[in-house]
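>>> Quick one, fold the following:
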Amino acid sequence: MKEELLFGAAYYAEYMPYERIDRDMEMMKQAGMNVLRIAESTWSTLEPHDNVFDFSFLDKVLEAAERENLSVIVGTPTYAVPAWLVKKDPAVLAVTKERQELYGRRQNMDIMNETFRFHAERVIRKLLEHTAGRRCVIGFQIDNETKHYGTASPGVQALFVEYLKETFGTTGKLNETFGLAYWSNSVHSWEDFPDMRGCINGGLASEFEKFQRKLAAEYLSWQADLVRAYKREDQFITHNLDFEWKKFGADIAQDGYSYGVQPDINHYEAAKCLTIAGTDIYHPTQDFLTGAEIAFGGDEIRSLKQENYFVLECQAQAFKYWTPYPGQLRLQAYSHLASGAKGLMYWNWHSIHNGYETYWKGLLSHDLDTNPTYEEACVFGREWKNLGKKLIGLKKKNRIALLVDNQCLTAMKWFPIDRDLSYNDVVRWAYDSLYEMNLECDVVDVQAVDMSRYDMIVTPALYSAKESLLQQLEEFVARGGVLVSTFKSFVCNEYLSVYCDKQPHRLHRCFGMSYNQFTEPGTAALKGQKVQYFAELLKTEGAESLGNYEHKYWGKYAGITCNDYGKGRAYYIGCFTEKGILKEIYAQAGRDAGMELPLSVWPVVFRSGENAEGHMLHYVLNYSENQQEVLNPYKRVRDLLSDKVYEPGEKILLMDWNLAILEEI
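Numbers count the residues shown, from 1 in each chain. The predicted model follows:
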């Protein structure tokens, strides 16, 4: 595959109300597009009857793509099963905690069911045999937004028991690890192991969810192995990893947007089988467009392999509250590149005329004609054709890592901080504050972090932590690193058993403080700002208090501390504060880590990296309907979009929802 920015859309000829492949290809070319994604939701069309295959619609698209010199990504069609398969064996539908699934929606299957696996393998092999040799096919997407779907069939639970036997050896060790004597939950024979759907032990239930996530990652790896048997050397394997879905407010009836760590598959584990990581990122638009979701998603997916990635789905128009203001679609597209994306594809090309997603509008509206959103795509599509070489291969060397963990997310469903404050809320509070300060970071899974890469590490609500991770963090600070941790960090081990010594476990010496009580904040304030949701009552043991609670009874306790440890420094934030207070801590911690703090803050966002030519690029993004002026904080630069040269300190004018791409010269 030649190195170029990919720009395109998901394309479903089988959904169209009439034959128009040639017209669609013509409009894609006019927009500067060079790739389309097909087939990932077409099992019932590809195999209308058991072992009867029809690739005619697929061939029409592939032939047209080759005529027009468009590349194609082929998706394996396994995330939505055909009706005939369910009739053949109803057990292909997942048994979950709530019920056995009914046929209709997508992603309702038991990914471990033998009948499903047999037929999934057959359709994948037939599809690969038919498409891998096509000149236009540059790679394959395995499945679609894969998760474990709550699968808890008797077969899955039997596999879990085998996993427990291998992990713990004896039922005695199992009982001890999870404290199963509580409420008479202890098990003294593996044959007596109960149905996990009724489990009330948060540690054991979280271990089952960890096991379910592993099944989902192994399922993707199984598909990747099938693809490898057919793909050419120059073809890639990718997958569209997605995020937890955050609902809009109660006044908005429709859906939501990509928010935080995905609960139902571990991205780091899943990405191991991929040659290129991919993602789906959806976000608020119009007056609520901040760029934070694009940045968070990009920073997390890029950090999986410390490599550039594909945005396999993002929004064009979609819902009424996502119809972009003029300039926003272009700004969003460049924002993906600024995080390290090597291309983006819209979901989808056209608006669908019937079915569940009828009003999730594509780049084209229901009239399938030109419109302002499409016309704006044409603008930056042409820019990408001209600038493509300059925008390829952005390498980012961020000095800050924000650590995330699926186990902590699961734990906080069982042991919530507050009914209105989730794990991902804390993650996004910590991340968004960095983002708004223009302090770029990697978002790194705790299983994958290489602490030698970073000068500063942030741990939002890292509730569950292995001794080995705690040792790494302690040594990181002792060597000269800066650690910023929040409340609900380092409370329990990897099995959610709360450590029985001083909190925070092991690191209380590093932080120079401890606590053994926490509280609802009530009227408590910190630095004049109301504390919300949760407050740990911190006792300094050598640390400096950066602010005691302003409260008649809690006033003797610190809310934030700072402590020198070895050659480094450790900050602990014991409560949920306003972002302004968190940003003050970040500013101090950043200076401790030897970083210069950016002069500009959101709504002007700076994102930097080195391109494939070895030149430093700085994306300057205006997330505002107002004109913004910023001073060039770099040496002499040229704006790739306007060709204007700016000297150090010279004013750069950004119109509403606009940007500059500054190349150092």
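>>> Just the mean pLDDT for the lengthiest helix in the chain, thanks.
Using DSSP state H to define each element, the chain has its longest helix at helix 202-228. If you average the pLDDT over helix 202-228, you get 98.
>>> Now it: buried residues?
For helix 202-228, burial by neighbour count (16 or more other Cβ atoms under 10 Å) applies to 202-217, 219-220, 222-224, 226-227. The C-beta positions use only the backbone N, C-alpha and C, and glycine is treated the same way.
>>> same deal with stretch 547-562?
For stretch 547-562, using 16+ other Cβ under 10 Å, the buried residues are Gly547, Asn548, Tyr549, Glu550, His551, Trp554, Tyr557, Ala558, Gly559, Ile560, Thr561, Cys562.
>>> now for the strand or helix carrying the last one, which elements pack on it?
Using DSSP states H and E, Cys562 sits in strand 558-565. Where contact means 3 or more Cβ pairs under 8 Å, 6 or more residues apart in numbering; DSSP states H and E, strand 558-565 is packed against helix 467-478, helix 508-511, strand 513-514, strand 539-540, strand 544-548, strand 568-573, helix 579-592.
>>> Could you identify the helix or strand that succeeds the first one?
So the one you mean is helix 467-478. Going down the chain from helix 467-478, the next helix or strand is strand 482-486, by DSSP H and E.
>>> Quick check, Trp657 in contact with Ala333.
No - taking Cβ atoms under 8 Å as the definition, Trp657 is not a contact partner of Ala333, at 11.8 Å.
>>> For these two, indicate the residue with more neighbours.
Using other Cβ atoms under 10 Å as the criterion, Trp657 and Ala333 rank with Ala333 on top: 27 against 22.
>>> number of nearby residues for the closest residue to that one other than its chain neighbours?
Once flanking residues are discounted, Ala333 sits nearest to Phe380: 5.4 Å by Cβ to Cβ, 6 or more residues apart in numbering. Neighbours of Phe380 under the rule other Cβ under 10 Å: 21.
>>> right, and Gly203 touches Phe178 too?
Yes - counting by Cβ under 8 Å, Gly203 sits close enough to Phe178 to count as a contact (4.5 Å).
>>> list residues touching both of these two?
Tyr495, Ser497 (Cβ atoms under 8 Å, 6 or more residues apart in numbering).
>>> Spit out the contact partners of the residue lying closest to Leu496 once chain neighbours are set aside.
Take Leu496 and drop its neighbours on the chain: the residue closest to it by Cβ to Cβ, 6+ apart is Gly203, 3.8 Å away. The contact partners of Gly203, by Cβ under 8 Å, 6+ apart, come to Thr177, Phe178, Gly179, Tyr495, Leu496, Ser497.
>>> Using neighbour counts, give me the buried entries of the residues you listed.
The neighbour-count criterion (16+ other Cβ under 10 Å) marks Thr177, Phe178, Gly179, Tyr495, Leu496 among the contacts of Gly203 as buried.
>>> How far away from the center of its chain is the helix or strand bottoming out on mean pLDDT in the chain?
Ranked by mean pLDDT, DSSP states H and E, the helix or strand of the chain with the weakest confidence is strand 244-247, at a mean of 92. Relative to the mean C-alpha coordinate of its chain, strand 244-247 is positioned 11 Å out (Cα atoms, centre = their mean, to the nearest Å).
>>> What of stretch 548-560?
36 Å.
>>> Contacts made by it with the rest, please.
With contact meaning Cβ under 8 Å, 6+ apart, stretch 548-560 is reached by 513, 515, 519, 521-526, 528, 531, 535, 537-540, 543, 545-547, 571-575, 577, 581, 585.
>>> Could you export that stretch as PDB, CA atoms only?
Below are the C-alpha coordinates for stretch 548-560, written out as PDB (Å, rounded to 0.1, in the frame of the first residue of the first chain):
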ATOM      1  CA  ASN A 548      -7.100  22.300  53.400                       C
ATOM      2  CA  TYR A 549     -10.900  21.900  53.200                       C
ATOM      3  CA  GLU A 550     -12.800  25.000  54.100                       C
ATOM      4  CA  HIS A 551     -15.300  23.400  56.500                       C
ATOM      5  CA  LYS A 552     -16.000  23.600  60.200                       C
ATOM      6  CA  TYR A 553     -15.200  19.900  60.800                       C
ATOM      7  CA  TRP A 554     -13.000  18.800  57.900                       C
ATOM      8  CA  GLY A 555     -10.800  21.900  57.900                       C
ATOM      9  CA  LYS A 556      -7.900  20.200  59.600                       C
ATOM     10  CA  TYR A 557      -7.600  17.800  56.700                       C
ATOM     11  CA  ALA A 558      -5.800  18.500  53.400                       C
ATOM     12  CA  GLY A 559      -7.600  18.200  50.100                       C
ATOM     13  CA  ILE A 560      -4.500  18.300  47.900                       C
END
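>>> The stretch 1-150 of the chain: helices as residue ranges?
With DSSP state H, counting those that start in this stretch, the ranges of helices along the stretch 1-150 of the chain come out as 21-30, 43-46, 56-67, 83-88, 114-131.
>>> Now the ones you listed in a markdown table, please, with extra columns for mean neighbour count and mean pLDDT.
Listed next are these as a markdown table, based on neighbours: other Cβ atoms under 10 Å; pLDDT from 0 to 100:
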| stretch | mean neighbour count | mean pLDDT |
| --- | --- | --- |
| helix 21-30 | 17 | 97 |
| helix 43-46 | 20 | 96 |
| helix 56-67 | 17 | 96 |
| helix 83-88 | 15 | 97 |
| helix 114-131 | 18 | 98 |
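>>> any chance of those in a markdown table, with distance to Ser600 too?
Below are the helices of the stretch 1-150 of the chain laid out as a markdown table (distance: least, Cβ to Cβ, whole Å):
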| stretch | distance to Ser600 |
| --- | --- |
| helix 21-30 | 36 |
| helix 43-46 | 49 |
| helix 56-67 | 43 |
| helix 83-88 | 55 |
| helix 114-131 | 48 |
